[in-house]
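A.B. asks: sequence unknown, structure follows:
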């Protein structure tokens, strides 16, 4: 099996403790030649969907790697650990759906193992820190050239846990979706893809009607948030290919009161 | 053209999303041998002056590198992207003044190109994420040995956008300046250089009068904040060579009510 | 003297300024082949005990390295800087106790020098930024192969400043300790080791009585926080081998009102 130059790492461990560094240390001991790219460690504690979304949206830009993902509210329980080959990479983490959207982004799983080979782990294994004692050491061995099959028993790809896809459909002249995430700039990313609003007949320059709960407002659909004046609302296709709502030089999430998960509908503005 | 061992990276992208990692991934694919040194990604969104100040104060300690800076409220508009050679380094980013203080710190621009060669970019280019699709890929190609001239059309150095220097002058026996930044410790960094207070006759141990708005107070000028008792105010020359106000083991910014941009005057305390 | 592949770095510098990057840059110039593993830079400003605890709990998982630690409220005063050999590593930092628990975790100091050789420093030395101008350059020279003896005058190991160990003892059928830290998940880590509660006769599944101030409550002692229902309290042995209190999918520190330093006693629950 080929080795990997890179490990990548996403967790909800935060940056205030030594948790991330302990995992980096484990990687450096086992696979000293591999670089580690941190994706983020500020996923909200236990927020598996958010971790899955960030990983899936970032992974197309990462090099071939062993990608380690740990947002794992069920650590130490019966949920299993897995290593999954997809595209030119391997993903390692808990089998709780966290990896599923990234696997899809890489073209689907090709082979998967349950992490049952304790020879690749650090012992004693802490029941609450599998990132340090199971996921990272296994990943580092894989990066250093250990074959995926050595990680444990091969499992049926159909048995991998997958997260339900976010709501996203077009019907009755409306694109329906939900708020996927809110970024540092307050931009509201929807689960509606650019193709769906095209299907509705929305093009650059079109006004688009946004409905959320009982509220309704009309905003221009433009190439970028910087195309409107500071303080103005705008809809645009963001860097992940999803429709987003922004306030130029402002915070759309705060202004619109749209947190992650909120239901949103978009449609073409009709002349009144 | 020589290649560079290092890329450095400063943005306002924050650490909660995958934005920084996507750029790291792009760099690793194009210039796998280059190390990436993150300066900070917590510049306040869109705060070009703050980004410029942090970059300029840090760059003297960084190795020769391709320095990538992205605080870019005008992304996707007509503002151009540039690559600028200065000293033993190249700086890449939007031509909005962000790079200008660092260029000055490196001795001035020697050569500059507008980023017009799309062959070095990632396609499709997101109108809102030039860091990932233009600035970092161009920088990584430059780090890997591509000549600066290949990045695009050479431009007149006099056309580069420069930020106005912060207020700083000595007159009528006073050094005038503004608050450049407030660090994590609450230390208030002024735009007044050590030489200016020397010119006024302030030496270690001298009391110095600080005027800000209608307030006026007298603090000792000492080598370090730790030279006064906990809770006491002190003025000192900070690690960037600028006069700073601190409260030992406390937060001077909070205590003095001096946010970035506030106008401050310093003078020698006269015996009453 | 052998060189080191790795430097590690823990400070209270925060992530919003360029302080950490300046030190990374200094390391890259002096020891370009050494990787830098950041432990954390979010130790609360000046919290030497917290820095010491994170370093000591993380260091067993780090590779042999020159470990640089800077939580240094006395920077610029008479407190000395030191480099200490322990186990297969060298620790560099202020001699204020910050290194002491990590040195103990590595099996104790074997050799120590006061940092008196200014040839290894960056000049001019800022009185407030010894991390950049003294600790990191010295550490990088050591990583690059400079002998420890070149860092300065050898000092008596007994003269190294050590922090008092956290309270931890068993008496009258109770294990007494204090809150060592609260992590990102709100888990409350006590200074009580697993062996102490074993000595009391507490085993997995036992209820344990927690006394803090006037409050008293009984919680199950289990392998992991995920073994109880969401919202339920639990005691477990954490990944550092210390007894911790958690609320599954909740914040135990907030719920129990137990900040770092709070005194806590544990005992076996007696049948009523």
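C.D. replies: Cool, the structure landed. Worth saying up front: this structure is predicted, and the values here are computed from it rather than measured.

A.B. asks: ok so residue A:93 is a strand residue?
C.D. replies: Yes: assessed by DSSP: H, G, I helix; E, B strand; the rest coil, residue A:93 belongs to a strand.

A.B. asks: give me the number of residues near it?
C.D. replies: 29 (other Cβ atoms under 10 Å in any protein chain shown). In short, each C-beta sits where N, CA and C put it, glycine included.

A.B. asks: That one touches residue A:80, doesn't it?
C.D. replies: No: contact criterion Cβ atoms under 8 Å: residue A:93 and residue A:80 do not qualify, at 10.5 Å.

A.B. asks: and for those two, which residues touch both?
C.D. replies: Taking Cβ atoms under 8 Å, 6 or more residues apart in numbering or on different chains as the criterion, residue A:93 and residue A:80 do not both touch any residue.

A.B. asks: Excluding sequence neighbours, find me the nearest residue to residue A:115.
C.D. replies: Nearest residue to residue A:115 in three dimensions, chain neighbours excluded: residue A:81, at 3.7 Å (Cβ to Cβ, 6 or more residues apart in numbering or on different chains).

A.B. asks: hang on, I meant residue A:24
C.D. replies: In space, residue A:24 is closest to residue C:37, 5.0 Å off (Cβ to Cβ, 6+ apart).

A.B. asks: What of residue A:10?
C.D. replies: Nearest residue to residue A:10 in three dimensions, chain neighbours excluded: residue A:39, at 3.9 Å (Cβ to Cβ, 6+ apart).

A.B. asks: Give me the pLDDT for the one you found.
C.D. replies: Per-residue confidence (pLDDT) for residue A:39: 98.

A.B. asks: State whether residue A:52 is indeed within a strand.
C.D. replies: No: checked against three-state DSSP, residue A:52 lies outside a strand; its state is helix.

A.B. asks: Against chain B, how distant is it?
C.D. replies: 12 Å (Cβ to the nearest Cβ, to the nearest Å).

A.B. asks: From what I see, that residue and residue A:99 are in contact.
C.D. replies: Yes: in this structure, residue A:52 is within contact of residue A:99 by Cβ under 8 Å, at 7.4 Å.

A.B. asks: which one of these two has more residues nearby?
C.D. replies: Per other Cβ under 10 Å, whichever of residue A:52 and residue A:99 has more neighbours is residue A:99, with 31 against 26.

A.B. asks: which residue packs closest to that one, ignoring adjacent ones?
C.D. replies: residue A:91 (4.6 Å).

A.B. asks: Confirm for me that that neighbour is in contact with residue A:83.
C.D. replies: Yes: using Cβ under 8 Å, residue A:91 makes contact with residue A:83 at a distance of 7.2 Å.

A.B. asks: Which parts of the stretch 101-250 of chain A are helices?
C.D. replies: A:130, A:136-143, A:194-200 (DSSP state H, counting those that start in this stretch).

A.B. asks: mean pLDDT lowest for which of those helices?
C.D. replies: Among these, helix A:194-200 carries the lowest mean pLDDT (a mean of 90).

A.B. asks: and that helix, what other elements does it pack with?
C.D. replies: strand A:168-171, strand A:174-182, strand A:242-247, strand A:263-268 (3 or more Cβ pairs under 8 Å, 6 or more residues apart in numbering or on different chains; DSSP states H and E).
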